[in-house]
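J.: return atomic coordinates for the entry below.
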Amino acid sequence: MNATVRIFDALFIFLAVMGIAYAYLTGTSRTGVEWVGATAFVLSAGLSLLIGGYLRFVARRISTLPEDFEEAEVSDGAGELGFFSPHSYWPVLVAFSVFIIGYGAAFWNWWVLIGGAVALVITACGLVFEYHWGREKH
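T.: Numbering: from 1, shown residues only. Prediction:
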């Protein structure tokens with residue numbers, strides 16, 4: 001996990017430096033700062049910092065992974081990776097709810113936007129609690 005954290009830290013530094021350089025260099029042009037690109041660099045740097053921070057937080061709570069050893073073999077990482085629901089329809093419904101929110105935002109129909117947000121909350125709860133209610137409780 002440490003290697004992954006270092007990758008995201010390096011990505012954060014790279015994107016932050018590129019964002020500052022981009023804003024400065026476009027600011028010296030005759031048209032001024034190009035804010036869309038500068039904002040994209042800053043937000044991308046923030047997202048990579050967010051992911052790196054999460055991975056650093058998780059790395060403290062779990063044991064050392066095989067990819068942290070330089071002498072590790074591919075077979076060292078073999079085994080179960082987790083439980084993935086084989087027949088869940090909730091991810092499709094979550095994606096459709098996000099589509100409805102995007103549709104409402106694109107055409108600025110506030111009632112579609114609110115309906116999509118309510119549907120997103122309901123479908124996200126269904127996805128999270130899928131195995132905690134009903135007769136197939138595990």
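J.: need the outlier residue of the protein, farthest from its centre.
T.: residue 30 (36.6 Å; Cα atoms, centre = their mean).
J.: which pLDDT value goes with that residue?
T.: On pLDDT, residue 30 comes in at 91.
J.: which helix or strand contains it?
T.: Using DSSP states H and E, residue 30 sits in no helix or strand.
J.: measure it to residue 57 for me?
T.: Distance of residue 30 to residue 57, given as Cβ to Cβ, to the nearest Å: 45 Å. In this view, the C-beta of every residue, glycine as well, is placed from N, C-alpha and C.
J.: low-confidence ranges, this structure, go.
T.: 1, 134-138 (pLDDT under 70).
J.: OK, contacts around residue 93?
T.: 119, 123, 126-127 (Cβ atoms under 8 Å, 6 or more residues apart in numbering).
J.: switch the cut-off to 6 Å
T.: By Cβ atoms under 6 Å, 6 or more residues apart in numbering, the residues touching residue 93 are residue 123.
J.: got phi/psi on the residue farthest from the centre of the chain?
T.: Phi and psi for residue 30, reported as degrees, to the nearest 10, are phi -70, psi -20.
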